[in-house]
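Chemist: need a 3D model of the following:
(one chain, ligands or ions: 2)
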Amino acid sequence: MTTNIKLINWVNEMTELCKPDSVYWCNGTDKEYEQLTKELIDNGTFIKLNESIRPNSFYCRSDPNDVARVEDRTFICTENKENAGPNNNWVAPKEMKELLLKKFNGSMKGRTMYVIPYSMGPIGSDISQIGVELTDSRYVVCNMKIMTRMGQPVLDVLGNKNFVHCLHSVGAPLNEGQKDSYWPCNPEKYIVHFPEEKSIWSYGSGYGGNALLGKKCFALRIASNMAREEGWLAEHMLIVGITSPEGEKKYIAAAFPSACGKTNLAMLTPTLPGWKVETIGDDIAWMKFGEDGRLYAINPESGFFGVAPGTSMDTNPNAILSMNKNTIFTNVALTPHGDVWWEGMTDHQKPEKLISWLGQDWTPDSKGNAAHPNARFTTPAVQCPVIDSAWEDPKGVPISAILFGGRRAKVVPLVYEALNWQHGVFMGSIVSSETTAAATGKVGKVRHDPFAMLPFCGYNMGDYFAHWLSIGDQADTSKLPKIFYVNWFRKDKSGKFLWPGYGDNIRVLKWIFERTNNVDSAIKTPIGYLPKSDAIDVSNMDFPSENMKEILTIDNELWLDDAKDIREFYSIFGERLPKNLLKEVDMLEERLKS
Ligand code: SAT
Ligand code: MN
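Modeler: Ligands and ions are numbered 1, 2, ... in the order given. Take a look at the predicted model:
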């Protein structure tokens, strides 16, 4: 329980507005989780998986129209439109509030409103932040239990302090006697952020980042605003520890757009003997300067909400092992034994007969996938066999390198290194990637996704670039992480991936690791430092040197085309674009032409 008057008053006000049948304060215990999962089974939302194969795990199908983040229904409502920027949908706060008050009025009728106090980051860490989510979805409560630290211990540290107000409703009130749907939601969706009052109002969707408000809404969109005000960074990045055969350990953070293999990189099984990779986080990093002047990162989450399709014992054994118990699976396929399956799980052997994510009989001859391409597993981070011993360290871990990357079939080489911090910020700002199924819309289209933050930056991205530049100005440059750009997805002329990726990515990480120790293994090119031709370790691997040459080639003409495209993209930010980034394009073009 709590004596926090702000919280109590807000819960009362929202109860009056949403008119739930009852209000339940979550304590965060396993017993509570057990009760909620029972109720979800009774409602037809969860199917209990075979206890002897996958203990304490559940299968869930969503409404086929509620399967991913809805970027076109996501809003940043600031007083001044310019502060939301061209990267966000904007509506004036007053107008949006009026509309939302109508939507939320009575939206929880016939349901329970759950109060979820949660901490993003280890409870009590200086870097952590507290939010409270009010939701009428039990599915959300169960996922929040895995993805965040939640319940009474959070109220205890919250005391009388303020918190991020997060209101969520699936927008499906129940009339007296009306039977509930297995996945209640509303065709009309609003994912709305008010950065100036640090609140989130989410209506109509029960899925992932639309509904688990600690994740993208708080830990990225709201936190990016806090970070800018307070001089830190809230980023769409995984965090891993890498240990060399000599026993030297370094931490790196890496930003990739959704569904580009962040979870795989975060749990990588190295194919180079003696190297070790350990996981701190797979999606979000909050970074602050420590007393020693270095950047320290925490993972604000406590679970993984990972993409299931493509995950296998070959591609990511640690993810597979993480989810062998206590896991919620959403929109994968169900086997006759009461276990789960998805495309790419067992390449050699497809199951004979399944029930698809749409609830239909499915055989290998059926049309369409058995699992939705954005099907997810929600699993506790502690279950990862390679979870780093420092993953809950309240101080965070010191970051030696920052990686940016995207999915690009052409132009971008396997890896290159920034000339300096400002050039590195430029590299982050020009991230572009083929779109994936993590958001609704067309898949496979190249779009600019600066810092992999385009859908997650809660303010004008021009100001965000300036914030990144200012982090460099504040710091002792010798202590800043080095910045790199990687591209695992380059293809040859016939359309085949040139680089095997997955466990072999350690070979690129090894080069990066060595570069942070100033090893002389790079050559200066117009786009930055590239590995010398023999600098990427390809021992015990069948990788022809022609392929290495091709994957490290830069074509000046193609890069000049990209530079033009960058200018055009930059132009949408108008006056808010830092002049120094335009200078970086000028300098890039000069280097490419000389
Ligand atoms: O936003 S989600 O949490 O649904 C997943 C993602 O886009 O990375
Ligand atoms: Mn993500």
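
Chemist: the closest residue to residue 442 other than its chain neighbours: neighbouring residues, count only.
Modeler: Among residues not flanking residue 442 along the chain, residue 435 sits closest, at 6.4 Å (CB to CB, 6 or more residues apart in numbering). To be clear about C-beta, it is placed using only N, CA and C from the backbone, and glycine gets the same treatment. By the criterion of other CB atoms under 10 Å, residue 435 has 18 neighbours.

Chemist: mind giving me the domain split of the protein?
Modeler: Domain segmentation of the chain under automatic domain parsing yields 5-42+70-231, 235-302+389-593, 305-383.

Chemist: of all those, which lies closest to residue 64?
Modeler: Residue 64 sits nearest to domain 305-383 of all those, at 6.2 Å, using CB to CB.

Chemist: does the closest one reach ligand 2?
Modeler: No. Domain 305-383 lies out of reach of ligand 2 by CB under 5 Å from the ion, never closer than 8.1 Å.

Chemist: how far is that domain from where the chain is centred?
Modeler: 20 Å (CA atoms, centre = their mean, to the nearest Å).

Chemist: does any bit of it sit next to ligand 1?
Modeler: Yes. Domain 305-383 comes into contact with ligand 1 (CB under 6 Å from any ligand atom), by way of residue 305.

Chemist: which ones are touching residue 104?
Modeler: Residue 104 makes contacts with 14, 17-18, 167, 169, 201, 203, as judged by CB atoms under 8 Å, 6 or more residues apart in numbering.

Chemist: just the CA atoms of whichever strand or helix holds residue 547, as CSV, please.
Modeler: Under the criterion of DSSP states H and E, residue 547 resides in helix 545-551. In CSV, the C-alpha atoms belonging to helix 545-551 read as follows (Å, rounded to 0.1, in the frame of the first residue of the first chain):
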residue,chain,number,x,y,z
SER,A,545,39.0,-13.3,-49.3
GLU,A,546,37.0,-12.0,-52.4
ASN,A,547,33.9,-11.8,-50.2
MET,A,548,35.9,-10.0,-47.5
LYS,A,549,37.0,-7.5,-50.2
GLU,A,550,33.5,-7.1,-51.5
ILE,A,551,31.9,-6.6,-48.1
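
Chemist: how about residues contacting it?
Modeler: With CB under 8 Å, 6+ apart as the test, helix 545-551 has contacts from 413-414, 490, 492, 498-499, 533, 536, 538.

Chemist: following element in sequence after it, please.
Modeler: helix 556-571.

Chemist: just the buried subset of the contacts of residue 104, written out for PyMOL, thanks.
Modeler: To isolate the buried members of those in PyMOL, using 16 or more other CB atoms under 10 Å:
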select buried, resi 14+17+18+167+169+201+203
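
Chemist: before we move on, the earlier item: any buried residues in the helix holding residue 547, and which?
Modeler: In terms of neighbour count (16+ other CB under 10 Å), helix 545-551 has its buried residues at 547-548, 551.

Chemist: want to throw these into TSV with pLDDT?
Modeler: Below are these laid out as TSV (pLDDT from 0 to 100):
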residue	pLDDT
547	95
548	96
551	96
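
Chemist: ok, the residue of the stretch 251-400 of the chain found nearest ligand 1 - contacts?
Modeler: Nearest residue of the stretch 251-400 of the chain to ligand 1 (CB to the nearest ligand atom) works out as residue 258 at 3.3 Å. Residue 258 makes contact with 69, 436, 438-439, 452, 455 under the criterion CB under 8 Å, 6+ apart.

Chemist: include distance to residue 268 when you put the residues you listed into CSV, please.
Modeler: What follows is those, written out as CSV (distance: CB to CB, whole Å):
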residue, distance to residue 268
69, 25
436, 19
438, 20
439, 25
452, 18
455, 25
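
Chemist: and which of these is nearest residue 85?
Modeler: residue 455 (12.7 Å).

Chemist: just checking, the closest one touches residue 441?
Modeler: No. Residue 455 is beyond contact range of residue 441, at 10.6 Å (criterion: CB atoms under 8 Å).

Chemist: so these two - more neighbours on which side?
Modeler: Between residue 455 and residue 441, residue 455 has the larger neighbour count (other CB under 10 Å), namely 20 against 15.

Chemist: what helix or strand is the more buried one located in?
Modeler: Counting by DSSP H and E, there is no helix or strand that carries residue 455.

Chemist: report the contact partners of the closest residue to it other than its chain neighbours.
Modeler: Leaving aside its chain neighbours, residue 455 sits nearest to residue 71 (5.1 Å; criterion: CB to CB, 6+ apart). Residue 71 makes contacts with 439-441, 455, as judged by CB under 8 Å, 6+ apart.

Chemist: next one: residue 11
Modeler: By CB under 8 Å, 6+ apart, the contact list for residue 11 reads 23, 115, 134.

Chemist: touching, the second one and residue 23? I think so.
Modeler: Yep, that's residue 115 we're talking about. Yes. Counting by CB under 8 Å, residue 23 is a contact partner of residue 115 at 6.6 Å.

Chemist: these two: which is more packed in?
Modeler: Using other CB under 10 Å, the more surrounded residue of residue 115 and residue 23 is residue 115, with 20 against 16.

Chemist: what's the separation between the residue lying closest to the more buried one once chain neighbours are set aside and ligand 1?
Modeler: The shortest distance from residue 115 to any non-neighbouring residue, by CB to CB, 6+ apart, is to residue 25 (4.6 Å). Distance of residue 25 to ligand 1, given as CB to the nearest ligand atom, to the nearest Å: 25 Å.

Chemist: now for the residue of the stretch 351-500 of the chain found nearest ligand 2, how many residues are close by?
Modeler: Closest contact between the stretch 351-500 of the chain and ligand 2, by CB to the ion, is at residue 438 (6.9 Å). Per other CB under 10 Å, the neighbour tally for residue 438 reads 21.

Chemist: repeat for the one 4 residues further on
Modeler: Around residue 442 sit 8 other residues, with neighbours defined as other CB under 10 Å.

Chemist: also residue 544?
Modeler: Counted with other CB under 10 Å, residue 544 comes out at 9.

Chemist: one more: residue 162?
Modeler: Residues lying near residue 162 (other CB under 10 Å) number 11.

Chemist: so who does residue 504 touch?
Modeler: Residue 504 touches 271, 541, counting by CB under 8 Å, 6+ apart.
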